[in-house]
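J.: take this sequence and fold it.
(2 chains)
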Amino acid sequence: MSGKRHEAMSCEAARGQFAMLLYSELSFDEEERVESHLDGCAECRAALDRERTIQAAFDSVEIDPAPSLLRECREDLRARLMEQETRPRRARTGWWAQFTDALMLRPAAGWLRPAGALTLLAVGFISARFVPVLSSAGARGGYQSMGFAEPAASRVRYVEPASNGRIQIVLDETRQRVFSGPLDDPQIRALLLAAAKDPSDPGLRVETLDILNTRAQSADVRDALVFALRHDQNAGVRLKAIEGLKPFAREPQVRSALAQVLLSDSNPGLRTQAIDLLTQGANENVDRQIIGTLQELMQRGEQQGYVRERCRRVLESLNASAETY
Amino acid sequence: MALKSGVLIDETALIRAAQNGDDAAFEQLVRVYDQSVLRLAMNLLRSPEDAHDVYQEAFLRVFRNLHTFRFDCSFHTWLYRIVTNLCLDHMRKRKVRKEEPTVLATADGPLDRMDAVQEERVDGDPQRHLFSGQVRKRIKEVLGELTPRERMVFELRHYQGLRLRRIGEILGTTEEAAKNCLFRATQKMRIALGDFI
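T.: All right, here's what the predicted structure looks like:
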């Protein structure tokens, strides 16, 4: 049928649209014309399959930066931003802006400097009263291997002059506490499980799961890995979770999460691993739920070549239809 | 990055706080986007050193110019304008000075410098092994032969998953021009991979 002109579109014109079709960048009408051509042209359907293979091949050269590079970038940026902070900022106008500049030791109008200095004195006085209390509270914790650092950073968050001449200041302080202990220590474990869900830092989550993966036999750790596999927004974190769950691929909770990945995850690498894990040793101990999942994939017209082929082979080997029972 | 509406509200608050000099808010803002910025730079430039430079310069520019951001477009678009301009500059300079290739000759045969810096999980990705080293090598070569603009549009559409309309906004052009650019890029790659796939 190649070369034959269909009523709506020639093979050449249809093939010229394949890339945009796969990127979902055709208008409704354009897509309709290509689809109607494909309905009647087996060669173009084969050509579209080839285009899909080419697009999948592009994915194989994608680079994911190493976590160490990301960490290095963040540290260097932080250092460079601190350098910037020490340089004069753009001029800020208004008495309040200049007053807060004076508080933060930025250049300010001469008359405001004494006011800023006075306020800082007050901050020092209050800090001197409270910091020892906080330190002794920390010492009472009695955690042997815990270091309790001085405030790593502090800044005035809010300043309010009161009518009696006193000034109320709210001070933000960032403290760092250093914990060290064996992985099986309950406190260390609890902190790691919390870090595994820290929404602000995917790099931290990857590193945390890397450590937790060695204890995936514990139910609490396995729950955390399953949670990450099901819900983490970052594909790197999900990949790390699936790595830890591999030895437990026969457990119902894990299989259910793997089936969800197979049916709906956007990352091809994860879906490939999910189908491999779900179908390993399928002949010996197959469960009908997985057959149903595979059939659902086939019925949806699975587009990832490896997954489709693997589905087909497993269903065949189990004498299961590609249709739903 | 597709942000849910709730997150967008938080992002606006973050930007406003960062504009008012809140360093913690700025750092949070960086962390929302810095992985995708680094991935974009790394894939386009295929050099960890250059990707590191683009990352630093992009966020320093954001820091210096954040007070000029007026919410006329999304922060993502504004940030990506900065990043794509920096990457295009790097790619154009590289075209001129014919920078050393990423594939090095070693005693054990050719070695792609990028293989050494990729995240471990990529090497463990079965999808990666579905295609032979020869195919992957050819794809890398063809990507290097695209013009900087074709390369950029292809990267943003295929790897970053951005719609052509958004890509047009980022690159200061129309959706139609971005589409033509993507069309040329995919056609070149299809022809170049003809004997391999």
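
J.: which residue sits closest to residue A:51, ignoring its sequence neighbours?
T.: In space, and not counting its chain neighbours, residue A:51 is closest to residue A:18: 4.4 Å by C-beta to C-beta, 6 or more residues apart in numbering or on different chains. Quick note: C-beta positions are derived from backbone N, CA and C, even for glycine.

J.: so where is the stretch 1-150 of chain A shaky, pLDDT-wise?
T.: Residues of the stretch 1-150 of chain A meeting the criterion pLDDT under 70: A:1-8, A:85-150.

J.: kindly apply the preceding question to the stretch 151-300 of chain A instead.
T.: A:151-158, A:162-163, A:172-176, A:200, A:281-289.

J.: still on that earlier bit, ok, the residue nearest to residue A:51 - how many residues close by?
T.: Residues lying near residue A:18 (other C-beta atoms under 10 Å in any protein chain shown) number 23.

J.: OK, contacts around residue A:249?
T.: Contacts for residue A:249 (C-beta atoms under 8 Å, 6 or more residues apart in numbering or on different chains) come out as A:255, A:258, A:277-278, A:280.

J.: quick one, phi/psi of it?
T.: Backbone torsions for residue A:249, taken as degrees, to the nearest 10, come to phi -70, psi -10.

J.: just the buried members of the contacts of residue A:249?
T.: A:255, A:258, A:277-278 (16 or more other C-beta atoms under 10 Å in any protein chain shown).

J.: and those residues, which two are furthest apart?
T.: Largest separation among those by C-beta to C-beta: A:255 and A:277, giving 8.4 Å.

J.: hmm, who's touching stretch B:58-78?
T.: A:77, A:80-81, A:84, A:90, B:1, B:3, B:11-12, B:15, B:18-19, B:26, B:29-30, B:33-34, B:37, B:41, B:79, B:82-83, B:86, B:166, B:169-170.

J.: select only the buried ones of these in ChimeraX?
T.: To isolate the buried subset of the contacts of stretch B:58-78 in ChimeraX, counting by 16+ other C-beta under 10 Å, use the following:
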select /A:77,81 /B:11,15,18,26,29,30,33,34,37,41,79,82,83,86,166,169,170
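
J.: so which of the contacts of stretch B:58-78 are in helices?
T.: Within the contacts of stretch B:58-78, residues falling in helices by DSSP state H are A:77, A:80-81, A:84, B:11-12, B:15, B:18-19, B:26, B:29-30, B:33-34, B:37, B:41, B:79, B:82-83, B:86, B:166, B:169-170.

J.: for residue A:169, helix, strand, or coil?
T.: strand (DSSP: H, G, I helix; E, B strand; the rest coil).

J.: is it bridged to anything, and to what?
T.: residue A:159 (DSSP bridges).

J.: tally of neighbours for it?
T.: Per other C-beta under 10 Å, the neighbour tally for residue A:169 reads 17.

J.: then residue B:65?
T.: 11.

J.: what's the answer for residue B:182, then?
T.: Neighbour tally, residue B:182, other C-beta under 10 Å: 22.

J.: hang on, it packs against residue B:155?
T.: No - Residue B:182 is beyond contact range of residue B:155, at 10.3 Å (criterion: C-beta atoms under 8 Å).

J.: now residue B:166, nearest residue through space, not along the chain?
T.: residue B:77 (6.8 Å).

J.: that should have said residue B:38, apologies.
T.: residue A:65 (4.8 Å).

J.: specify the beta-bridge partners of the one you found.
T.: Here residue A:65, judged by DSSP bridges, has bridge partners residue B:118.

J.: my guess is it contacts residue B:54. True?
T.: No - Residue A:65 is not in contact with residue B:54 according to C-beta under 8 Å; the separation is 11.6 Å.

J.: ok, those two, which is more surrounded?
T.: residue B:54 (27 against 24).

J.: in which helix or strand does the more buried one reside?
T.: helix B:48-65 (DSSP states H and E).

J.: my guess is residue B:23 meets residue A:84, correct?
T.: No - if you go by C-beta under 8 Å, residue B:23 and residue A:84 don't touch, sitting 10.3 Å apart.

J.: next, show the common contact partners of the two.
T.: In contact with both residue B:23 and residue A:84: no residue, using C-beta under 8 Å, 6+ apart.

J.: can you tell me which residues in the stretch 101-250 of chain A are near chain B?
T.: A:200-203, A:234, A:236, A:239-240, A:243 (C-beta under 8 Å from any C-beta of the partner chain).

J.: where does chain B dip in pLDDT?
T.: B:1-9, B:95-132, B:195-197.

J.: show me what contacts the nearest residue to residue B:50 once chain neighbours are set aside?
T.: Counting by C-beta to C-beta, 6+ apart, residue B:90 is the residue found nearest to residue B:50 once chain neighbours are left out, at 5.6 Å. Contacts for residue B:90 (C-beta under 8 Å, 6+ apart) come out as B:44-45, B:50, B:53-54.

J.: the residue sitting nearest the centre point of chain B: what's it in contact with?
T.: Nearest to the geometric centre of chain B sits residue B:40, at 2.0 Å (C-alpha atoms, centre = their mean). Contact partners of residue B:40, counting by C-beta under 8 Å, 6+ apart, are B:80, B:83-84, B:87, B:155-156, B:159-160.

J.: of these, which are in range of chain A?
T.: residue B:159.

J.: using a markdown table, lay out the contacts of residue B:40 together with distance to residue A:50.
T.: Listed next are those as a markdown table, based on distance: C-beta to C-beta, whole Å:
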| residue | distance to residue A:50 |
| --- | --- |
| B:80 | 32 |
| B:83 | 33 |
| B:84 | 31 |
| B:87 | 31 |
| B:155 | 22 |
| B:156 | 24 |
| B:159 | 21 |
| B:160 | 24 |
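
J.: which ones are touching the residue nearest to residue A:51?
T.: A:34, A:47-48, A:51.
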